[in-house]
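A.B. asks: Quick one: sequence and predicted model below, then my questions.
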2 protein chains.
Amino acid sequence: MATSSIIDIHSLKRSCADCSLHELCLPRGLDRQALEQLEKVVKRSYSLHKGEYLFRTGDEFKYIYALRSGSMKLHLMDVQGNNQVLGFYFPGEILGLDAIDKKKHLCSAEALETGSYCAFPFSSLSEVCLTVPDLQRQMFRLMSRELTYENELLLTIGKKGAEERLATFLITLSSRFQQLGYSAVEIKLSMARQEIASYLGLTIETVSRLFGRFQRAGLITVKRKHVHIKDMEALKNISSGCVGAHKQAKYSQ
Amino acid sequence: MATSSIIDIHSLKRSCADCSLHELCLPRGLDRQALEQLEKVVKRSYSLHKGEYLFRTGDEFKYIYALRSGSMKLHLMDVQGNNQVLGFYFPGEILGLDAIDKKKHLCSAEALETGSYCAFPFSSLSEVCLTVPDLQRQMFRLMSRELTYENELLLTIGKKGAEERLATFLITLSSRFQQLGYSAVEIKLSMARQEIASYLGLTIETVSRLFGRFQRAGLITVKRKHVHIKDMEALKNISSGCVGAHKQAKYSQ
DNA sequence: CGCGTCGTTGAAGCCGCTCAATAGATGTGG
DNA sequence: CCACATCTATTGAGCGGCTTCAACGACGCG
């Protein structure tokens, strides 16, 4: 479990209502009264540095976490050391929902850069859900959304070729950054090539080559962890397989 | 939406308490009083025939479904006709949870054989959740479990070779059947090769060849849709990559 | 500056896909 | 009941995309 930092400017912000992530995060759609209920259980603003874990496989499940700043990766490892990155998380997003069933975390959440988060004790949170219908609804929605994300990732990994996968990854990242108020074309990757590769079910070399190929084709410019999208349309076309012939089996009826 | 059959023996069973799937399904862990609340909203026992849909992509989300008998596949199709099977569902399992967020079904649920199901209007169900803590908890758990399943599928598709994937599939099927009270070694596949292939991110030819290879190796006997597991241990070893050398990149730290 | 980590690039090989033909199963109608 | 059509599954041959193996380059940090 991460230790709280000595000085954390975020801790000055006292309420979810004041939080800039208000409309993205757990409190989304809650009225003032409901927010007050939520305030009672939230533990606010712990900080986290690159490489630190929010939780690890096997940890007891106690909290749902909301990321306030920074970014994280969720990853799963099996007995032989196969390591699959399941997703990347950005401010306003919720981590830990998959641990509810087994009451243990089955995957690990690791910080990709320095950031901060809020923690909601799950037992208290679910009690509040009983008295605040909007909060219950929001919890259901968040879990449902998580399922949808994973469904799309499954489609990407299971049915798309390497170019489509990376293009899909970039497009998705772009739109998520835009929602957060950042540029849709200037992307700062907080994850390593290795992590992108794992997420997409590819190797690091393939990802590297694809970045090069996209750059040579004039779709993007890449410099280390900085990506500039020059031709969003073309990238979207690749992402949905409208160009370069070779795909995996389609099985269309 | 499926039509209810003219005669359905299951409709004679009036309560979840009497249902043989009681301990697997939504009512799991509920006391008598809680069950009564649940009874008020459930719509029981519609029947469904092979090829019929419980819901399709784009359908308005109104119900959560519990499968009573038979089996279903959940699948997702993108714009170009890439069709990914996301999962197979058996009696006691819940379908439709991923539609809560968007209030629309983003994937389709199709019957693999004749069966029956119960429907829970989601708006009523979530109201009941507010007064029955155990039911709310169960909903959270079910959604969480679904996330866990998908995580494991992602690991399988993203990091494992073809043999490992099929072995994992068979092992998983075996243990689910066992939980349902069926044999763990005599497996009747209700899905076609094509559907297995799509689920595992492979082609139908590869799946067919793997079945042949497993049979020649004495691990199983396959005859059409009937599989007999002869060497569970060996299958588990393959499933976790303990044998046949070649795997995908492991990325172990 | 030297070292370690991360990323890029090249060459070669293999796994699983594609294409194609056959066999088996299922259903239909005469 | 068999002939025919259709769909599903099996099997083979060849190829190609991605991985593997290997070496080099680029950064960042002590």
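C.D. replies: It's in. All values derive from a computational prediction rather than experimental measurement.

A.B. asks: and the residue in the stretch 1-150 of chain A that DNA strand C sits nearest to, which of the three is it?
C.D. replies: Using CB to the nearest atom of the strand, the single residue of the stretch 1-150 of chain A nearest to DNA strand C is residue A:51, 9.1 Å away. C-betas here are computed from N, CA, C, even on glycine. At residue A:51 the chain is in coil, as set by DSSP: H, G, I helix; E, B strand; the rest coil.

A.B. asks: Next up, the contacts around it.
C.D. replies: Neighbouring residues of residue A:51 by CB atoms under 8 Å, 6 or more residues apart in numbering or on different chains: A:110-111.

A.B. asks: Please identify the residues of chain A in proximity to DNA strand D?
C.D. replies: A:161-163, A:201-203, A:205-206, A:209, A:223-224, A:245-246 (CB under 7 Å from any atom of the strand).

A.B. asks: Tabulate these in CSV, adding columns for distance to chain B.
C.D. replies: Shown next, in CSV, are the residues of chain A next to DNA strand D (distance: CB to the nearest CB, whole Å):
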residue, distance to chain B
A:161, 11
A:162, 13
A:163, 14
A:201, 4
A:202, 8
A:203, 5
A:205, 9
A:206, 9
A:209, 14
A:223, 24
A:224, 20
A:245, 12
A:246, 13
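
A.B. asks: From those residues, keep the buried residues only.
C.D. replies: With burial judged by 16 or more other CB atoms under 10 Å in any protein chain shown, the buried subset of those is A:162-163, A:201-203, A:206.

A.B. asks: Which parts of the stretch 151-253 of chain A are strands?
C.D. replies: Along the stretch 151-253 of chain A, the stretches classed as strands by DSSP state E, counting those that start in this stretch are A:186-188, A:220-223, A:226-229.

A.B. asks: near DNA strand C at all, the shortest one?
C.D. replies: Spelled out, that is strand A:186-188. No. Counting by CB under 7 Å from any atom of the strand, DNA strand C is not contacted by strand A:186-188; separation bottoms out at 12.1 Å.

A.B. asks: In that strand, which residues are buried?
C.D. replies: For strand A:186-188, burial by neighbour count (16+ other CB under 10 Å) applies to residue A:187.

A.B. asks: strands paired with it, and their directions?
C.D. replies: Strands that pair with strand A:186-188, judged by DSSP bridges, come out as strand A:226-229 (antiparallel).

A.B. asks: and residue A:119, what helix or strand is that in?
C.D. replies: strand A:115-121 (DSSP states H and E).

A.B. asks: ok now the helix or strand following that strand, how far from the chain's centre?
C.D. replies: Counting by DSSP H and E, the next helix or strand C-terminal to strand A:115-121 is helix A:122-131. Helix A:122-131 sits 24 Å away from the centroid of its parent chain (CA atoms, centre = their mean, to the nearest Å).

A.B. asks: can you check stretch A:65-76 too?
C.D. replies: The answer for stretch A:65-76 is 6 Å, by CA atoms, centre = their mean.

A.B. asks: now the end-to-end length of that stretch.
C.D. replies: 18 Å (CA to CA, to the nearest Å).

A.B. asks: Give me the mean pLDDT for it.
C.D. replies: Here stretch A:65-76 scores 96 as its mean pLDDT.

A.B. asks: Sort out which residues of it are buried, please.
C.D. replies: Quick answer for stretch A:65-76 (16+ other CB under 10 Å): A:65-76.

A.B. asks: what's the closest of those to chain B?
C.D. replies: residue A:76 (5.5 Å; CB to the nearest CB).

A.B. asks: The helix or strand harbouring the closest one and chain B in contact?
C.D. replies: Using DSSP H and E, residue A:76 sits within strand A:72-77. Yes. Against chain B, strand A:72-77 shows contacts by CB under 8 Å from any CB of the partner chain at A:76-77.

A.B. asks: Please name every helix or strand in contact with that strand.
C.D. replies: Under the contact definition 3 or more CB pairs under 8 Å, 6 or more residues apart in numbering or on different chains; DSSP states H and E, strand A:72-77 sits against strand A:83-89, strand A:108-111, helix A:193-200, helix B:133-159.

A.B. asks: Rebuild the strands of the stretch 151-253 of chain A as JSON lines, extending it with mean pLDDT and distance to residue B:241.
C.D. replies: Shown next, in JSON lines, are the strands of the stretch 151-253 of chain A (pLDDT from 0 to 100; distance: least, CB to CB, whole Å):
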{"stretch": "strand A:186-188", "mean pLDDT": "96", "distance to residue B:241": "35"}
{"stretch": "strand A:220-223", "mean pLDDT": "96", "distance to residue B:241": "33"}
{"stretch": "strand A:226-229", "mean pLDDT": "97", "distance to residue B:241": "34"}
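
A.B. asks: Turn those into a markdown table, including distance to residue B:181.
C.D. replies: Below are those laid out as a markdown table (distance: least, CB to CB, whole Å):
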| stretch | distance to residue B:181 |
| --- | --- |
| strand A:186-188 | 52 |
| strand A:220-223 | 55 |
| strand A:226-229 | 53 |
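
A.B. asks: residue contacts, residue A:129?
C.D. replies: Per CB under 8 Å, 6+ apart, neighbours of residue A:129: A:135-136, A:139, B:136.

A.B. asks: ranking these by neighbours, who comes first?
C.D. replies: residue A:139 (26 neighbours; other CB atoms under 10 Å in any protein chain shown).

A.B. asks: doesn't residue B:140 make contact with that one?
C.D. replies: Yes. Between residue A:139 and residue B:140 a contact is recorded at 7.2 Å, counting by CB atoms under 8 Å.

A.B. asks: what is in contact with the two at once?
C.D. replies: residue A:126.

A.B. asks: Which residue, neighbours along the chain excluded, lies closest to the residue minimising distance to the centre of chain A?
C.D. replies: The centre of chain A sits closest to residue A:89, judged by CA atoms, centre = their mean, with a distance of 2.1 Å. The spatial neighbour of residue A:89 that comes closest, neighbours along the chain excluded (CB to CB, 6 or more residues apart in numbering or on different chains), is residue A:72 at 4.5 Å.

A.B. asks: Show the contacting residues for the residue nearest to residue A:174 when sequence neighbours are not counted.
C.D. replies: What sits nearest to residue A:174 in space, not counting adjacent residues and going by CB to CB, 6+ apart, is residue A:184, at 4.8 Å. Residues in contact with residue A:184, defined by CB under 8 Å, 6+ apart, are A:174-175, A:177-178, A:229, A:232.

A.B. asks: Now do the residue lying closest to residue A:204 once chain neighbours are set aside, the pLDDT please.
C.D. replies: Nearest residue to residue A:204 in three dimensions, chain neighbours excluded: residue A:197, at 4.6 Å (CB to CB, 6+ apart). Model confidence at residue A:197, given as pLDDT, is 98.

A.B. asks: Would you confirm that residue A:197 contacts residue A:207?
C.D. replies: Yes. Proximity of residue A:197 to residue A:207 meets the contact threshold set by CB under 8 Å, at 4.6 Å.

A.B. asks: low pLDDT regions in the stretch 151-253 of chain A?
C.D. replies: Residue ranges of the stretch 151-253 of chain A with pLDDT under 70: A:243-253.

A.B. asks: Go again with 80.
C.D. replies: A:242-253 (pLDDT under 80).

A.B. asks: returning to what we had before: could I get the contacting residues of the residue nearest to the centre of chain A?
C.D. replies: Contacts of residue A:89 (CB under 8 Å, 6+ apart): A:67, A:71-74, A:95, A:109.

A.B. asks: mind checking how far it is from residue A:37?
C.D. replies: From residue A:89 over to residue A:37 the distance is 25 Å, taken as CB to CB, to the nearest Å.

A.B. asks: Many thanks, I have nothing further to ask.
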